[in-house]
Each structure stands twice: as structure tokens, then as C-alpha cells.
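Chemist: predicted model, plus sequence, below.
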Amino acid sequence: MASALTWARRVAAWRASGRSSEAFCRGKPYTAGGLRHWAYQLRRKDETADVPVVRIGRVVRRGSPAVEPPRSEVATREAATIVVECGGAQVAVRAGFDRATLAAVLEVLRGRGAGR
């Protein structure tokens with residue numbers, strides 16, 4: 001069986017020839033369908049090679065606690081706090097949070113969610 005590198009070379013030669021896949025493959029030890037298949041697979045691989053994996057988390061804004069502090073403090077706290085849900089857990093994030101610590105916590109939670 002030919003390697004991906006061999007197929008990449010075949011596909012490149014076919015593209016450079018300007019001929020149809022049927023005409024290009026005539027007399028060769030592989031089919032036009034196989035050539036088109038590999039052209040598709042290699043193109044998909046190239047398109048996704050530099051695409052980062054994106055995981056989406058849900059952010060839920062929480063209301064104030066049951067015991068109401070002074071209104072000015074509530075407004076400040078509400079504006080400065082978000083809750084991030086990841087892997088079934090909730091993490092409250094306030095203004096001035098440490099990004100490295102939050103990243104480490106989310107990484108642990110992602111791993112926990114993937115292990116289920």
C-alpha cells in the first residue's frame with residue numbers, strides 16, 4: 001500500500017498536469033477514484049492542520065447572595081463576577097483574577113470531563 005507521501009506526490013503531479021483524473025491515471029497502477037479520494041483527504045488534512053481545537057464553555061452570571069450588602073457593593077460585585085461552567089463544575093471569576101491559575105483549573109476540569 002502506498003504511503004501518504006507517495007499519494008501526495010501523485011496528487012501534486014496530477015494537479016500540475018492539468019488533465020482529468022481518468023486521463024492522468026491511464027496506465028498507472030492506481031485508479032482515478034483512488035487519486036481523487038487521496039486529493040480530498042490530503043486537502044482536508046491541510047485545512048485542519050493549523051485549526052486549534054475550540055472547547056466552548058457556558059458562562060452564567062449569578063445574582064447577589066441572599067444577605068444583601070450595601071447596593072454600591074452589590075453593583076460592583078455583579079459587574080466584576082462571572083461564573084464559568086466546565087466539566088460540570090462552576091468557577092466564579094472576579095476582576096483581577098490570575099489567568100494562569102484559571103487556565104490550570106479549567107485544564108483540570110476539562111480532563112475530568114473527558115474521563116467520564
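Modeler: Received the coordinates, thanks.
Chemist: what mean pLDDT does the helix or strand where Y40 lies have?
Modeler: If you go by DSSP states H and E, Y40 is part of helix 32-49. If you average the pLDDT over helix 32-49, you get 85.
Chemist: domain parsing for this structure?
Modeler: 4-49, 58-114 (automatic domain parsing).
Chemist: comparing those, which gets the lowest mean pLDDT score?
Modeler: domain 58-114 (a mean of 68).
Chemist: returning to what we had before: buried residues in the helix holding Y40?
Modeler: Within helix 32-49, the residues scored as buried using 16 or more other CB atoms under 10 Å are 32, 34-35, 38-39, 42. Yep, even glycine has a C-beta here, placed from its N, CA and C like the rest.
Chemist: so which elements touch it?
Modeler: Contact analysis of helix 32-49 by 3 or more CB pairs under 8 Å, 6 or more residues apart in numbering; DSSP states H and E lists helix 4-17, helix 21-25 as its packing neighbours.
Chemist: of those, which is nearest V105?
Modeler: helix 4-17 (38.8 Å; CB to CB).
Chemist: who are the packing partners of that closest one?
Modeler: helix 21-25, helix 32-49.
Chemist: residues of that helix that come out buried?
Modeler: With burial defined by 16+ other CB under 10 Å, the residues of helix 4-17 counted as buried are 7-8, 10-11, 14.
Chemist: among the residues you listed, which one lies nearest to A95?
Modeler: A8 (50.5 Å).
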